[in-house]
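Asks: Quick one: sequence and predicted model below, then my questions.
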Amino acid sequence: MPRFVKKHKHEIGLGPDDLKFRGEKKTDSVLLRVIDFDAENKEEKVIQSIEEVVPYKKKPSVTWLNIDGLHDEALMADVSKHFDLEKLILSNVMQTQARPTVQEYDNCIYISMKMLRQDEKTEKIHVENLSLVITETILISFQEFRGDVFDPVRERIRAQKKRIRNSGTDYLAFALLDVVIDNYIYIISLLGEKIEALEENLLQDPPQSIIDQINTYKRELNFLRKNINPAKEMILSLSKIESDLIEDDTYIHFKELLDNINHATESSDSYREILSDQLNIYHTTISSKLNDVMKFLTVFSVIFIPLTFIAGIYGTNFDVLPELHYKYSYFIMLGVMVVVALGMLKYFQKKKWL
Amino acid sequence: MPRFVKKHKHEIGLGPDDLKFRGEKKTDSVLLRVIDFDAENKEEKVIQSIEEVVPYKKKPSVTWLNIDGLHDEALMADVSKHFDLEKLILSNVMQTQARPTVQEYDNCIYISMKMLRQDEKTEKIHVENLSLVITETILISFQEFRGDVFDPVRERIRAQKKRIRNSGTDYLAFALLDVVIDNYIYIISLLGEKIEALEENLLQDPPQSIIDQINTYKRELNFLRKNINPAKEMILSLSKIESDLIEDDTYIHFKELLDNINHATESSDSYREILSDQLNIYHTTISSKLNDVMKFLTVFSVIFIPLTFIAGIYGTNFDVLPELHYKYSYFIMLGVMVVVALGMLKYFQKKKWL
Amino acid sequence: MPRFVKKHKHEIGLGPDDLKFRGEKKTDSVLLRVIDFDAENKEEKVIQSIEEVVPYKKKPSVTWLNIDGLHDEALMADVSKHFDLEKLILSNVMQTQARPTVQEYDNCIYISMKMLRQDEKTEKIHVENLSLVITETILISFQEFRGDVFDPVRERIRAQKKRIRNSGTDYLAFALLDVVIDNYIYIISLLGEKIEALEENLLQDPPQSIIDQINTYKRELNFLRKNINPAKEMILSLSKIESDLIEDDTYIHFKELLDNINHATESSDSYREILSDQLNIYHTTISSKLNDVMKFLTVFSVIFIPLTFIAGIYGTNFDVLPELHYKYSYFIMLGVMVVVALGMLKYFQKKKWL
Amino acid sequence: MPRFVKKHKHEIGLGPDDLKFRGEKKTDSVLLRVIDFDAENKEEKVIQSIEEVVPYKKKPSVTWLNIDGLHDEALMADVSKHFDLEKLILSNVMQTQARPTVQEYDNCIYISMKMLRQDEKTEKIHVENLSLVITETILISFQEFRGDVFDPVRERIRAQKKRIRNSGTDYLAFALLDVVIDNYIYIISLLGEKIEALEENLLQDPPQSIIDQINTYKRELNFLRKNINPAKEMILSLSKIESDLIEDDTYIHFKELLDNINHATESSDSYREILSDQLNIYHTTISSKLNDVMKFLTVFSVIFIPLTFIAGIYGTNFDVLPELHYKYSYFIMLGVMVVVALGMLKYFQKKKWL
Amino acid sequence: MPRFVKKHKHEIGLGPDDLKFRGEKKTDSVLLRVIDFDAENKEEKVIQSIEEVVPYKKKPSVTWLNIDGLHDEALMADVSKHFDLEKLILSNVMQTQARPTVQEYDNCIYISMKMLRQDEKTEKIHVENLSLVITETILISFQEFRGDVFDPVRERIRAQKKRIRNSGTDYLAFALLDVVIDNYIYIISLLGEKIEALEENLLQDPPQSIIDQINTYKRELNFLRKNINPAKEMILSLSKIESDLIEDDTYIHFKELLDNINHATESSDSYREILSDQLNIYHTTISSKLNDVMKFLTVFSVIFIPLTFIAGIYGTNFDVLPELHYKYSYFIMLGVMVVVALGMLKYFQKKKWL
């Protein structure tokens, strides 16, 4: 399966309100977790069906419903029904290949973006679609499978930190997006660390394997960029949305998200350039080493060529070859050979070929 | 004929209301298909002349007239007359080389874009011009020849799915455009799959043929981009049009089209970069292999050069060549040769030339 | 003379209302042609002086005055006087090196752009400056020399086609611009055909001359782009102008011009990329062929090196060289040589060096 | 640690009002310096706690509080409390990895950007985050450690120069930003000087080390650009802000900052191109030198090859080899060899291979 | 000193109203020239002090004060005082490294841009800063040293050409800017001529020196672009300024400036591409020539290798080597050698290696 874009033939032409799961199923069961809180109280629980969370709709406190696993089409229909959400929203939630977007509806704001996660063993980067639906009192987040990315936000809610406990669903959404973008920067910095570590090896005696590493990093960075860059546009739209669901104070935080995502994309741009420079350095180093070897070998051969030729002349069997019969001929020949060899060495050194 | 732009001398200077077919004729007969539907009823039929569809103009139900084949100039004049469309529109419909565009008229909206289709045997991508004319109760679609791309939409209409049966011509137009763009993504993902499959072969022992494949994929991608990218601008214009023919609810779907076409172009950009990286990797692998071969061969030759020279010296026929007459000279010479050869091997290994 | 930008020292600092011809004189005589038409009547004639066309100013019919040849400064002064045009306009008309532009004046609109023409023999592309001045009843077009580019428009006027005969000077201007841009596309498609024809030769056995061809096409494309791209901006300005001289219906045609010029620039971009890919393919093919030759030759030499060395050893003249005196030594030596050669061949084949 | 982007896992998910220091601690103690001035009076002192500066809040004179060292979280909380600043601001101040930004609050403007400093010994460029908070009567500047960059501004304040002594906190902020950007240009010009100095060495006999230098400069320039370019956007936002805290006269200075930062980025772009050209020149020079060497050596070897072959023929031991027995054979052979060698030399010279 | 950006440490932190000369002093004395004119009268004189020009302030005629030499700080203070100009303006005038800009003040418009001049001997391009201050009746121009660039404008004033004599300071400013930009185009065309002249040499037998020329032209073009491109932005701002000092009629001329500067930048872009193509052609030509040489030499050597081997075999001294004793062995050997050599030649020719 291609990693950068996936589309199955049977997915073409599905209506925008068909609640069909389009993606890879990454978890078996669906987990529903609810946190309800206001400045004073906090309640956390795992629920079995959407009905359980309906009563919270009327409560003024903030309710965060987190759904891990997107393949249960009946559940999605329930969400649509109980929270009065357009089917189009749930249809989008279930399409994990979608592009980051923000859409404003009468009673909610729909946000989707990519979450990145680095596999600790293979060091490969995995991508997961995250959808947020902001309504007046309830925020619903949809993840492809259960992860620990949002734990810091849960901690902040539990720790009764003032700001998040005193704010609405819009601020909670910001906190989640902030974690996701912080994670982008963290993953870029992990990759960056490895890329910058290559530098030292490059200049001295680069092993063959370094080129595979550079290419691997390039591909990972490419993959990162493909997933991060579209989010920039989305965050920009978000910061310009005019909705009653977002309080004035929250806009400054959205602007901060924009700064952060820009920081992420600019850093990835820098590493892209660095990788491309590294490739060039590698090729220069390698080819300069090869040139040295070839030059040395060629010079070495060239020195022996006239010597062998001289020996060849005196290996001929002519009846009349006067030099053969002088007493010191052999020694003179050896002497001439030494002189020729030294002369050539001198010449090559003067020309800086050695 | 060039594949990327075509223009015949005789096409220059045709007036914008000359109903002349400009393009390659891809079908012989013209097929007219009508589907008329509202929430309750649905009627499908194949008709012989435009007159048969005129009565539907007055009916409030949605009528979809699909015309396969664009070369019948009389028919086009009929369409213009019976539906009161400006000749410019039909003239554009008949120019298959046109750029994707959206044009707003008093009584209709004209949309044109490219449809892509992959030939299942040759795996080559073919392009076809699609035109849509949205009027109040009738949507006319023009294709260069009969295809099965719109079958999923027909299925949705037949299946009495609520949304499309309850909506107007604008939503039907969206559904058709959506299928076309889904198809873009599908074709890119097919190409992407093949491109990503190259990766594995590249790093080990790339066959010569891989370079032809990369170049073929590059050309196909180039061709895709040339046809897909202009559609982005068109969809953007469409999503900003302010017309009574488009209901408010439909704009959010146009925004979705925009997300999808962006997804398509970004994916094609990613593959473009991947292909360019693959070319580099191929060249690096090939040249590094060649270097290894040449280095090995050169080192091999260089080791024999002094040995042959030594043998040459003792092949000379000097009267006085004392070494020739010692009993163990020959064996000593062989020994010296072994020492020289081993010494050079050692030196080359130390220098990492082997 | 440089082909891409020309400026003579004496042209610097000329005032914008100096009526000085700045350019190469491409025709000796100046030809003045007038077509006057409305829906019913049409009159064509060649005139000798500007005075003859003045009476048409008052007639409501559309008058097209075409001037071939720009170097007659007195004539230009006459045009300025009789049609009450600012001197700046005529000064611009006479500067053939100007950039495509559109300028709005109180009583007219001034448009200038480049016309391209392919020399049928040398296949070189020539450029010519075209200026249009749109006034209420008269359209004046200025060309550097007499050409046949506008003949299709003249044909349409003669043929009593309705649209152009019923419209004003703005529509006539559109018709002329349309022909010019159609011509751009035609010239790009001619070049494109030649470029795509290279492809086949490239992959098999590219002759040396192909590289010159690629470079020639590149330069021609460069030249095309330099002249076409600035027109895009001009057409965009034209489509946004708000002037009484342009009827509402004409704007949709200007938008069409914009689509066409975009089609032209995008096609030239595609060919640019194709040429750059072709250069790469050529280099790859050539260097891969060279590598094969060098590898073969090197392997061939390397096989003989140890054989020659063995023969060298038995060519030495040592008194004691036992192998020389065994009866089958020579044949054994030949056998050993065959074994060594075959062994090396085997080894090289296993390593895929042959 | 990577140099281009840093993010620790434990920093993910911190709330925007958590006053946590996020960065490298570059100084141990925190230094608080206050300058209070108006047109007539000026007072400078080092203070120990924020409380000491609170009384100045009410005074109409301009007070500049400079804080060197950002790690004291209690102090930051004090600043927030006493100057009534949102915690978000101080949280941003303590995040040294942030992107240059400008944020408008009800009672203040928050500005952050990067300060660059060249280490005089290692010539490496270091980066430091600078934050400014502009309130009505007090400007607070935050630096990571004590430096001398702002000394010229202090001098101007001391020297009783009119403008700065007569203006408000907005002008003081401009003066600080101006120094920072002047410093950018200075650092680019230092690097530029070194880059332009390379030129001369490049064309003659470039030493191997030059490539390392080019790569080092490239990396430094990359690092500069990464830190400078985002400031452009920030300054643009600043020049468009509409705030009571900024007097009308100050906007023209902000526009000047914009010109300066553009000058900086354009200069760095120029040097980037120069470096890339230099790399190409280096490679061309090197490869052209290598080609000359290899060609010479090859031609040299090739000349001896037929000579050695001729000698080989007359070294054979055939019973019947007539030439061996003529009296002048040997001398004829030598003569032929000379003729062959000279002929080949002539040929190679004619072909310009030597 | 670097050529692309210059900044001295002592220039950092100078206040925007410090009248300090920042740049290289290019002339010793300061020359003040005044031309005062209206439609009827014209007066030209050289003055010694600013006071002499003050009376013209009240006259409705247009006065052009041209100052050559910027280092006289007292004079600049005088200008500021007598014409009531903000010190910031004069401070900018004295900073010759500034970026082209346009600034609007209450009583004047300040414009600065670069003037280019080609040294006729060295053919190197020099840059000079030009500042214009447009007030109601007086235009002040500041140049770094006395040049002849503005002579054509002076001629036009003297020649009593109507337009410039009837217009205000804004039109005079346009005339000066027009000359500067015409000069840009002239200098680009001079360079362009040299660049296009390279073409012919490139394809046949490019001398080594051509690469230095290409690199020199590249650097000059780089330098041109660095100085010209920022002016584009400045002219755009100028054409959008809304000021009482600029008459409506003048805006169309500013738009013309914009067209001209765009023409300049697009031409320089074209030449940039041409140079880069030329570099590629050079490398291709050179490497293709080298390949031919190496291939020829290698094939030549390879043909002798088996021949020398055969001779080697019959040079061995085995007691039993039957072929040595046949009468025609030698001649057969020679024949075999000829056959082998011819066979190889044939093979290589068939393979197109020769």
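Replies: It's in.
Asks: Tell me the residues of chain A that contact chain E?
Replies: A:Gly315 (C-beta under 8 Å from any C-beta of the partner chain). Any C-beta I mention is one placed from the backbone N, CA and C, and that applies to glycine too.
Asks: And the residue of chain A closest to chain C?
Replies: In chain A, the residue found nearest to chain C is A:Gly315; the distance is 6.8 Å by C-beta to the nearest C-beta.
Asks: Was I right to think that residue contacts B:Gly312?
Replies: Yes: contact criterion C-beta atoms under 8 Å: A:Gly315 and B:Gly312 qualify, at 6.6 Å.
Asks: Residue ranges of each domain in chain A, please.
Replies: Chain A breaks down into these domains under automatic domain parsing: A:9-284, A:291-350.
Asks: Would you format these as TSV with mean neighbour count and distance to C:His71 included?
Replies: As requested, the domains of chain A are arranged in TSV below (neighbours: other C-beta atoms under 10 Å in any protein chain shown; distance: least, C-beta to C-beta, whole Å):
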stretch	mean neighbour count	distance to C:His71
domain A:9-284	18	53
domain A:291-350	17	60
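Asks: Of all these, which one comes closest to C:Ser91?
Replies: domain A:9-284 (45.9 Å; C-beta to C-beta).
Asks: The closest one near chain C at all?
Replies: No: shown here: domain A:9-284 not in contact with chain C (C-beta under 8 Å from any C-beta), separated by at least 14.7 Å.
Asks: where's A:Gly168 relative to A:Leu258, distance?
Replies: For A:Gly168, the distance to A:Leu258 equals 20 Å [C-beta to C-beta, to the nearest Å].
Asks: the helices in chain A, which residues?
Replies: A:73-82, A:87-93, A:151-158, A:162-166, A:169-203, A:209-240, A:248-313, A:329-350 (DSSP state H).
Asks: and these, which one's lowest on average pLDDT?
Replies: Least confidently modelled of the helices of chain A is helix A:162-166, at a mean of 84 by mean pLDDT.
Asks: So which residues on the stretch 1-150 of chain A come close to chain B?
Replies: A:1-9, A:11-18, A:88, A:92, A:97-99, A:101, A:103, A:105.
Asks: Go again with 7 Å.
Replies: By the rule C-beta under 7 Å from any C-beta of the partner chain, the part of the stretch 1-150 of chain A lying against chain B is A:2-7, A:9, A:12-13, A:15-17, A:98-99, A:101, A:103.
Asks: And the contacts of stretch A:100-116?
Replies: The contact list for stretch A:100-116 (C-beta atoms under 7 Å, 6 or more residues apart in numbering or on different chains) reads A:84-86, A:89, A:92, A:98, A:125, A:127-135, A:149, A:173, A:180, A:183-184, A:187, A:224, A:227, A:230-231, A:234, A:237-238, A:241, A:243, A:245, B:252, B:255, B:259.
Asks: ok, now with 6 Å
Replies: A:89, A:98, A:125, A:127-128, A:130-135, A:180, A:187, A:227, A:230-231, A:234, A:237-238, A:241, A:243, A:245, B:259 (C-beta atoms under 6 Å, 6 or more residues apart in numbering or on different chains).
Asks: do the same with stretch A:303-319
Replies: With contact meaning C-beta under 6 Å, 6+ apart, stretch A:303-319 is reached by A:337, A:340-341, A:344, B:305, B:309, B:312-313, B:315-316, D:301, D:304, D:307-308, D:311, D:314-315, D:324-325, D:329-330.
Asks: Check stretch A:271-280 too.
Replies: Residues outside stretch A:271-280 that contact it (C-beta under 6 Å, 6+ apart) are A:Gly192, A:Ile195, A:Leu198, A:Leu202, A:Ile214, A:Tyr217, A:Lys218, A:Leu221.
Asks: For that stretch, C-alpha coordinates in PDB please.
Replies: C-alpha atoms of stretch A:271-280 as PDB (Å, rounded to 0.1, in the frame of the first residue of the first chain):
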ATOM      1  CA  TYR A 271      16.500  20.100   7.800                       C
ATOM      2  CA  ARG A 272      15.500  19.500   4.300                       C
ATOM      3  CA  GLU A 273      18.200  21.900   3.100                       C
ATOM      4  CA  ILE A 274      20.700  20.400   5.500                       C
ATOM      5  CA  LEU A 275      20.000  16.900   4.200                       C
ATOM      6  CA  SER A 276      20.400  18.100   0.700                       C
ATOM      7  CA  ASP A 277      23.700  19.700   1.600                       C
ATOM      8  CA  GLN A 278      24.800  16.600   3.300                       C
ATOM      9  CA  LEU A 279      24.100  14.500   0.200                       C
ATOM     10  CA  ASN A 280      26.300  16.900  -1.700                       C
END
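Asks: Can you tell me how far A:Tyr271 is from C:Arg146?
Replies: Taking C-beta to C-beta, one finds A:Tyr271 at 60 Å from C:Arg146.
Asks: residues in contact with A:Ser329?
Replies: Contacts of A:Ser329 by C-beta under 6 Å, 6+ apart are A:Glu323, B:Phe318.
Asks: What is the burial count for the closest residue in space to A:Gln208 that isn't next to it in sequence?
Replies: In this structure, A:Gln208 finds its nearest non-sequential neighbour in B:Ser288, 7.1 Å apart by C-beta to C-beta, 6 or more residues apart in numbering or on different chains. For B:Ser288, the neighbour count with other C-beta atoms under 10 Å in any protein chain shown is 14.
Asks: so A:Ser69 sits right up against A:Thr27, yeah?
Replies: Let me fix one detail, which is that residue A:69 is Gly and not Ser. Yes: A:Gly69 lies in contact with A:Thr27 (C-beta atoms under 6 Å); the separation is 4.5 Å.
Asks: before we move on, back to that, what does the residue of chain A closest to chain C show for phi and psi?
Replies: phi -90, psi 0 (degrees, to the nearest 10).
Asks: Quick check: the residue nearest the centre of chain A vs chain B, distance?
Replies: Taking C-alpha atoms, centre = their mean, the centroid of chain A lies closest to A:Leu224, which sits 2.8 Å from it. Separation of A:Leu224 from chain B (C-beta to the nearest C-beta, to the nearest Å): 11 Å.
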